[in-house]
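**Student:** Here is the input, now give the coordinates:
(chains A and B)
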Amino acid sequence: MGLTPPDSTGDQATALDAASPNFITTRLDFLQNWARSNSLWPMPFGTACCAIEFMASAAGRFDLARFGMERMSFSPRQADVLICAGRLPFKLAPVIRRVWDQMPQPKWAISMGACASTGGIFDTYAMVQGIDTIIPVDVYVPGCPPRPEGLIYGIMMLQKKIMGETFTDPTLRQEHLVNSDGLFLAPERIDELSEPFGNSVHQTRSA
Amino acid sequence: MTGPSASVAALRAAFGAAVERDDLICGDAIVWVAAARAHDILTWLRDTPGQEYNYLVDVTAVDYRDPEHPLEVVYQLRALDRAEDLRVKVSLQQSAPLVVDSVVDLWRGADWLEREVFDMFGVSFHGHPDLRRILMWESYNEGHPLRKSFPLRGHYTRAEQTRQALGITPEANYSMEELSIAQAYNDLPKDMQERLEASGRLEGA
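**Tutor:** Okay, here's the model as predicted:
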């Protein structure tokens, strides 16, 4: 028993090896984006029940390591993607802003769940109505909380977005800092993003 | 518990008119007392043999929707030895300043509970060692959120709220002084004091 190679292939393989090049040609953008999108280290910013689903995504059954995300980066200095998993009260707004500012470029942000994306059911005095009023967001994952499949779909969308980037685009790596009036966006834009919607419009007994 | 609490009758005998009203709701004994005598009555409830309410479960407050209705500060007491509960309420007229005597000198656990009532309802606790906000940040200036007169979304626009929030210094909320165990030296049990001294962590405290 055993595999007997056909007569000619031995010589042919040797010939191919000697002649084959030990380099490949590709686009630099492709290579860079491929590397980046498959080694996203998340900065977990878990504040609520979404964080439980996020932990489930990282554990064995769903296994974020498949996407090169096995290392949770609890230091923002080594992180690539900020995942805000849960509601963000105003008291935490300066904290997430500082974490975001400490992350080096290139960096991305995922807003996980209804509360992080819009304030969700918490249309109150204490809650940020969507973290996009505080930091720029790349992918919004809907759900209350989203299942791990949902978060993983969001991550795959982010990977797709990264694959479409080009390093010659100077706007991509711009820092969007809090400007001189103490806000990240124009005040009108924040008011517009924070407007009540859905069931929440019936709550306005005052203001 | 069924039937009226024996503590209520004893209170009436000891304090007379300072006990304004009592009630039994779902088996819970509730007694309303005058704000001026509240501290005396709570001291009496803690120290008198036969009462000995040695555990302060909670301090909270209730603001009723009717603006004429007084705001009530609620003390939930428990006598651990007898497994008996008593709820003491103090009514504060909305027209006057909301002030009541602190009970931190009776139960140390009242410290953060009273700070929370101050933060959320604006009730001042006279004699509290460190009365300042505990849930909202210290520079928060929209008012006291659990008052019925406070709008659900707050007084300011979302943009203004965001601007003020981004201006908070996080270090001010989580100061090391507050968390440092060396600062609490005098309140620690003896064995912990000895261990702290041996470890040298008292330097610079």
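**Student:** Any residues of chain B in contact with chain A? List them.
**Tutor:** Neighbours of chain A within chain B, by CB under 8 Å from any CB of the partner chain: B:136-137, B:142, B:145, B:150-155, B:157-170, B:173. The way it works is simple: take the backbone N, C-alpha and C, and place the C-beta from them, glycine included.
**Student:** okay, A:Pro44: pLDDT?
**Tutor:** If you check A:Pro44, the pLDDT there is 92.
**Student:** what packs against the host helix or strand of it?
**Tutor:** For A:Pro44, the host element (DSSP states H and E) is strand A:42-46. The elements that strand A:42-46 packs onto, with contact taken as 3 or more CB pairs under 8 Å, 6 or more residues apart in numbering or on different chains; DSSP states H and E, are helix A:49-58, strand A:81-85, helix A:93-102.
**Student:** could you redo the last one with a cut-off of 6 Å?
**Tutor:** Helices and strands touching strand A:42-46, by 3 or more CB pairs under 6 Å, 6 or more residues apart in numbering or on different chains; DSSP states H and E, are strand A:81-85.
**Student:** okay, now B:Ile134: neighbour count?
**Tutor:** For B:Ile134, the count of nearby residues is 18 (other CB atoms under 10 Å in any protein chain shown).
**Student:** mind checking pLDDT for the spatially most central residue of chain B?
**Tutor:** Centroid-nearest residue in chain B: B:Glu114, 2.7 Å away (criterion: CA atoms, centre = their mean). As predicted, B:Glu114 sits at a pLDDT of 93.
**Student:** Just the ones of the residues of chain B next to chain A in helices?
**Tutor:** B:158-166, B:170, B:173 (DSSP state H).
**Student:** how far away is A:Ala93 from B:Ser102?
**Tutor:** As judged by CB to CB, to the nearest Å, A:Ala93 and B:Ser102 stand 32 Å apart.
**Student:** ok, those two, which is more surrounded?
**Tutor:** Applying other CB under 10 Å to A:Ala93 and B:Ser102 shows that A:Ala93 carries more neighbours, namely 25 against 19.
**Student:** Report how many residues lie close to the residue nearest to the more buried one when sequence neighbours are not counted.
**Tutor:** Leaving out its chain neighbours, the residue that sits closest to A:Ala93 by CB to CB, 6 or more residues apart in numbering or on different chains is B:Ala165, at 4.1 Å. Using other CB under 10 Å, B:Ala165 is surrounded by 24 other residues.
**Student:** repeat for the one 5 residues further on
**Tutor:** Other residues within reach of B:Pro170 by the criterion other CB under 10 Å amount to 14.
**Student:** Check B:Trp44 too.
**Tutor:** 17.
**Student:** And it, its phi and psi?
**Tutor:** phi -60, psi -40 (degrees, to the nearest 10).
**Student:** Please enumerate the strands of chain B.
**Tutor:** B:19-25, B:28-33, B:55-62, B:71-79, B:84-92, B:99-101, B:124-126 (DSSP state E).
**Student:** Out of those, which gets nearest to A:Met72?
**Tutor:** strand B:55-62 (37.5 Å; CB to CB).
**Student:** Mind listing what's buried along that closest one?
**Tutor:** Going by neighbour count (16 or more other CB atoms under 10 Å in any protein chain shown), the buried part of strand B:55-62 is B:56, B:59-61.
**Student:** before we move on, what about stretch B:128-135?
**Tutor:** B:128, B:131, B:133-134.
**Student:** give me the beta-bridge partners of the residue nearest to B:Leu80 when sequence neighbours are not counted?
**Tutor:** In space, B:Leu80 comes closest to B:Tyr55 once its chain neighbours are excluded; the distance is 5.2 Å by CB to CB, 6+ apart. Going by DSSP bridges, B:Tyr55 is paired in beta bridges with B:Arg78.
**Student:** I'd guessed B:Tyr55 sits against B:Ala79; true?
**Tutor:** No. Counting by CB atoms under 6 Å, B:Tyr55 does not reach B:Ala79; the two are 7.4 Å apart.
**Student:** related to what we said a few turns ago, run through who's touching the strand holding A:Pro44.
**Tutor:** With contact meaning CB atoms under 6 Å, 6 or more residues apart in numbering or on different chains, strand A:42-46 is reached by A:54, A:69, A:72-73, A:76, A:79, A:81-86.
**Student:** ok, now how distant is A:Val99 from chain B?
**Tutor:** 10 Å (CB to the nearest CB, to the nearest Å).
**Student:** Correction: the previous question concerned A:Phe184.
**Tutor:** Taken as CB to the nearest CB, the span from A:Phe184 to chain B is 7 Å.
**Student:** that's a helix at that residue, yeah?
**Tutor:** No. Using DSSP: H, G, I helix; E, B strand; the rest coil, the assignment for A:Phe184 is coil, not a helix.
**Student:** Torsion angles phi and psi at it?
**Tutor:** Residue torsions, per degrees, to the nearest 10, at A:Phe184 are phi -90, psi -30.
**Student:** Kindly report the same for A:Ala109.
**Tutor:** phi -130, psi 140.
**Student:** so how many other residues sit close to it?
**Tutor:** If you count neighbours by other CB under 10 Å, A:Ala109 ends up with 24.
**Student:** cool, the one 3 residues further on as well?
**Tutor:** By the measure other CB under 10 Å, the count of residues near A:Met112 is 32.
**Student:** per-residue confidence at it?
**Tutor:** pLDDT for A:Met112: 94.
**Student:** Filter the ones in helices among the residues of chain B next to chain A down to the buried ones and hand me the ChimeraX line.
**Tutor:** In ChimeraX syntax, the buried subset of these is picked out as below (16+ other CB under 10 Å):
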select /B:158,159,160,161,162,163,164,165,166,173
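**Student:** now for the ones in helices among the residues of chain B next to chain A, which pair is the farthest apart?
**Tutor:** Among those, B:Ala159 and B:Asn173 lie farthest apart (CB to CB), at 22.2 Å.
**Student:** mind listing what A:Leu88 touches?
**Tutor:** A:128, A:131.
**Student:** So what does it have for phi and psi?
**Tutor:** Dihedral angles (degrees, to the nearest 10) for A:Leu88: phi -120, psi 110.
**Student:** And it, how close does it get to A:Met112?
**Tutor:** Noted for A:Leu88: a distance of 11 Å to A:Met112, by CB to CB.
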